[in-house]
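Enquirer: please find the sequence and the predicted model below.
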Amino acid sequence: MPMYMLQFGYTTEAWGALMRRPEDRTAVLEKLATSAGGRIHALYYHMGDFDGTVILEAPDDTTANAVITAAIASGSLRNSRTTRLYTPKEMLEVLQRASKVEYRPPGTS
């Protein structure tokens, strides 16, 4: 199944709730993912534009989008970004196909 990187930022309200009642959110996110047909591989928190990253395995883009959309609809996220991840084997297939495609760059004849 395809893999996805879901990056998210919590709202200030969500951070406040987590400070008042700290909890490991992994099980909650796993339940969300499995209810949509996916599986969580990892949850990491970090600094920067996003507060955390989830590595999700899902059968398709629609499922991955449903997982992050459900989380967004809760009101606890201020931003998100979903990125489809490709294995080296998948990227080799992309490169092989791309090498057979013709493309004329702008401004050339």
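Expert: Here it is on my side, so go on. The structure displayed is predicted, hence computed values, not measured ones.
Enquirer: the closest residue to residue 30 other than its chain neighbours: neighbouring residues, count only.
Expert: For residue 30, ignoring the flanking residues on the chain, the nearest one in space by Cβ to Cβ, 6 or more residues apart in numbering is residue 40 at 4.7 Å. For glycine as for every other residue, the C-beta is placed from the backbone atoms N, C-alpha and C. Using other Cβ atoms under 10 Å, residue 40 is surrounded by 21 other residues.
Enquirer: residue 31 is in contact with residue 40, correct?
Expert: No. Taking Cβ atoms under 8 Å as the definition, residue 40 is not a contact partner of residue 31, at 9.2 Å.
Enquirer: give the contact list for residue 33.
Expert: By Cβ atoms under 8 Å, 6 or more residues apart in numbering, the contact list for residue 33 reads 39, 40, 56, 58, 67.
Enquirer: just the pLDDT for it.
Expert: With respect to pLDDT, residue 33 has a value of 97.
Enquirer: how about residue 100?
Expert: 94.
Enquirer: one more: residue 104?
Expert: Predicted confidence (pLDDT) for residue 104: 88.
Enquirer: same question for residue 109.
Expert: 81.
Enquirer: also residue 71?
Expert: Per-residue pLDDT puts residue 71 at 93.
Enquirer: wait, doesn't it sit right on residue 32?
Expert: Yes. Using Cβ under 8 Å, residue 71 makes contact with residue 32 at a distance of 6.7 Å.
Enquirer: which residues in this structure form helices?
Expert: 12-20, 26-36, 61-73, 88-98 (DSSP state H).
Enquirer: would you mind listing the buried residues in the longest one?
Expert: Buried residues in helix 61-73, defined by neighbour count with 16 or more other Cβ atoms under 10 Å: 63, 64, 66, 67, 68, 71.
Enquirer: go through those and name the one nearest residue 17.
Expert: residue 71 (14.3 Å; Cβ to Cβ).
Enquirer: separation between that closest one and residue 7?
Expert: Residue 71 sits 12 Å away from residue 7, going by Cβ to Cβ, to the nearest Å.
Enquirer: what touches both of the two?
Expert: What both residue 71 and residue 7 touch, as defined by Cβ under 8 Å, 6+ apart, is the set residue 80.
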